[in-house]
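*Asks:* this one's sequence-less:
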Ligand code: HEM
Ligand code: SF4
Ligand code: SF4
């Protein structure tokens, strides 16, 4: 736990620097999964090109690659370099992605699915790289072939030792070589299928990096390919044992270990590491929030919760209660993280309803809207001054307690996206506070993926339920800062309060006297 918080702090400080260099929208650390996909496609396209010119015979393989690299350097050579460097880059982003999901604690509870499906991707990736190096048939390929087969022979699955194939060129059939080509094509295809499964529980998964980041990354790979092209080492010769081999440390870091430990021991280490990774989501089991619950009496089947759930936990199904609506929301508790974004989307989650009637169509039992309304009103009542601010923040973001004061109340939410916009309207137009500050995780990196995005869209009228036009926008401020960014958040709040003092209190409108009261609507806030 201590290690994790140190690592988290380290990541966040690195992210601060990257935010400054790239801007939050293009920060590669927030796009590691998407960059993984991007590099995958580069490897595929460049691989298809290489395959066109590649010969599968034992001797032809090396020669065809020499032709591609040296004669056709402007196209094939660049493609070969892109193929290699994008593969290496993929290892880097996938390892960082794994570490980041771990230190940010986004892999436990119902979020186990992406983690568990991520683990085999690691091994697919390494296996793709190993089979790729094999095909070059230079001294590195010879080293990879002999060491891999000796290592495989430590497993009691092959009748005859397969390392025997690599004693000399006569024993190495070209059919075996063709098999490697087949494996090198089949593995990435299976990997693509697992990558697809990996994101099945994510609504709107980020599989494409922002255009600017993609263009910059591509340009960087191209420059590297032209300045430092990928080349083969000396041709393989099975009659000799190469004395020195340049190794690819991204794909083959465990290979030198086989000089000092046995194949069986290395299998045991790799197996134990895999098992540990697979068990991590339950070591210890994360604190699980209650799943969202639908109240059919208040659900009109509008589907907004379905549209906004970041974990595809809501489905819209045929109505079962006889009410005159076509559909009803149904929550799958095994996929629900309890983030509350669906509650923030529900049109019935409005504090303008009397507290006793505030049961929205969908709600969190352990963080319900009725309590939120009460807590908000109680906190606002204690405030004084002409710059009274209600801060709605996210528990995963900056330390909100630093903001509290005689004119500032804070209300930590599970995610800022769980706040229905009518709450902002209610607090301002009913004069409970002079302004509302919304804060959450750092920009571009919402702990529940889509909370910041939906909040921004709801406030700017791009997404239902949107904030009504009558709410003065100068009384609302948004600030997205992570746990290591408290000072700028405090500054942001101070500047906002200064603006509120300048514009003064919201003028009170004359109250219309209603002849009949509408049941369920609070008339005095
Ligand atoms: C080829 C390798 C991989 C690719 C291309 C990849 C890609 C992705 C993408 C696109 C997402 C969705 C991001 C979003 O929209 O928020 C994601 C999520 C995730 N990945 Fe990977 N991933 C890979 C490997 C791994 C590995 C090795 C692990 C860990 C063992 C892992 C763990 C996770 C977790 C835990 C999430 C979910 C985070 C959340 O719930 O918000 N991934 N991955
Ligand atoms: S957003 Fe609310 S009213 Fe609409 S389908 Fe979901 S639960 Fe029902
Ligand atoms: S709380 Fe709502 S939005 Fe969040 S995962 Fe559960 S159903 Fe989806």
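*Replies:* Received the coordinates, thanks. The model shown is predicted, which means the values in this text are computed figures rather than measured ones. Ligands and ions are numbered 1, 2, ... in the order given.

*Asks:* and residue 465, how many neighbours?
*Replies:* 19 (other C-beta atoms under 10 Å). Backbone N, C-alpha and C define where each C-beta goes, glycine included.

*Asks:* from residue 197, how far out is residue 124?
*Replies:* According to C-beta to C-beta, to the nearest Å, residue 124 and residue 197 sit 12 Å apart.

*Asks:* please say which of those two ends up with more neighbours.
*Replies:* When residue 124 and residue 197 are compared for neighbours, residue 124 comes out ahead with 18 against 13, by other C-beta under 10 Å.

*Asks:* which helix or strand contains that one?
*Replies:* If you go by DSSP states H and E, residue 124 is part of helix 112-136.

*Asks:* and the strands in the stretch 351-500 of the chain, which stretches?
*Replies:* Ranges of strands within the stretch 351-500 of the chain are 362-364, 389-394, 408-413, 435-440, 476-480, based on DSSP state E, counting those that start in this stretch.

*Asks:* can you add mean neighbour count and mean pLDDT and give these back as a markdown table?
*Replies:* Shown next, in a markdown table, are the strands of the stretch 351-500 of the chain (neighbours: other C-beta atoms under 10 Å; pLDDT from 0 to 100):
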| stretch | mean neighbour count | mean pLDDT |
| --- | --- | --- |
| strand 362-364 | 25 | 97 |
| strand 389-394 | 25 | 97 |
| strand 408-413 | 20 | 97 |
| strand 435-440 | 25 | 97 |
| strand 476-480 | 20 | 97 |
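
*Asks:* and those strands: which comes nearest residue 52?
*Replies:* If you check each of the strands of the stretch 351-500 of the chain against residue 52 by C-beta to C-beta, strand 476-480 wins as the nearest, at 47.0 Å.

*Asks:* for that closest one, packing partners?
*Replies:* Using 3 or more C-beta pairs under 8 Å, 6 or more residues apart in numbering; DSSP states H and E, the elements in contact with strand 476-480 are strand 435-440, helix 451-459, helix 486-503.

*Asks:* I would like the residues contacting it, please.
*Replies:* Residues outside strand 476-480 that contact it (C-beta atoms under 8 Å, 6 or more residues apart in numbering): 24, 397, 424, 428, 435-444, 452, 455-456, 459, 467, 488-489, 492-493, 496.

*Asks:* check stretch 30-38 too.
*Replies:* Residues contacting stretch 30-38 (C-beta under 8 Å, 6+ apart): 15, 24, 28, 89-90, 93-94, 96-97, 100, 195, 199, 205-210, 213-214, 217, 444-445.

*Asks:* surely residue 316 forms part of a strand?
*Replies:* Yes: assigned with DSSP: H, G, I helix; E, B strand; the rest coil, residue 316 falls within a strand.

*Asks:* check it and give its pLDDT.
*Replies:* pLDDT recorded at residue 316 is 98.

*Asks:* got the contact list for it?
*Replies:* 301, 303, 306, 327, 328, 329, 330.

*Asks:* give me the number of residues near residue 367?
*Replies:* By other C-beta under 10 Å, 18 other residues sit near residue 367.

*Asks:* rewinding a little: of the contacts of strand 476-480, select the buried ones using a PyMOL command.
*Replies:* Selection of buried members from the contacts of strand 476-480 for PyMOL, criterion 16 or more other C-beta atoms under 10 Å:
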select buried, resi 397+424+428+435+436+437+438+439+440+441+442+443+444+452+455+456+459+467+489+492+493+496
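
*Asks:* buried residues in the helix holding residue 124?
*Replies:* Within helix 112-136, judged by 16+ other C-beta under 10 Å, the buried ones are 112-115, 117-122, 124-136.

*Asks:* buried residues in the next helix or strand after it, which are they?
*Replies:* Using DSSP H and E, the next helix or strand after helix 112-136 towards the C-terminus is helix 139-153. Neighbour-count burial for helix 139-153, counted by 16+ other C-beta under 10 Å, picks out 139-151, 153.

*Asks:* want to throw the residues you listed into TSV with pLDDT?
*Replies:* Compiled in TSV, the buried residues of helix 139-153 are given as follows (pLDDT from 0 to 100):
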residue	pLDDT
139	92
140	93
141	91
142	89
143	91
144	91
145	87
146	87
147	90
148	91
149	87
150	88
151	91
153	89
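
*Asks:* of those, which are in range of ligand 1?
*Replies:* Subset of the buried residues of helix 139-153 in contact with ligand 1: empty, counting by C-beta under 6 Å from any ligand atom.

*Asks:* can I get those residues in CSV with distance to residue 37?
*Replies:* Listed next are these as CSV, based on distance: C-beta to C-beta, whole Å:
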residue, distance to residue 37
139, 33
140, 28
141, 28
142, 33
143, 31
144, 26
145, 30
146, 34
147, 31
148, 27
149, 32
150, 34
151, 30
153, 35
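
*Asks:* nearest to residue 268 among those residues?
*Replies:* Nearest member of the buried residues of helix 139-153 to residue 268, counting by C-beta to C-beta, is residue 151, at 12.1 Å.

*Asks:* from residue 314, how far out is the closest one?
*Replies:* From residue 151 to residue 314 the distance is 47 Å (C-beta to C-beta).

*Asks:* ok, residue 59 next?
*Replies:* Residue 59 sits 59 Å away from residue 314, going by C-beta to C-beta.

*Asks:* who has more neighbours, these two?
*Replies:* Comparing residue 59 with residue 314 by other C-beta under 10 Å, the one with more neighbours is residue 314, at 26 against 13.

*Asks:* and the contacts of stretch 30-38, which of them are buried?
*Replies:* By neighbour count, with 16+ other C-beta under 10 Å, those hold 15, 28, 89-90, 93-94, 96-97, 100, 195, 199, 205-207, 209-210, 213-214, 217, 444-445 as buried.
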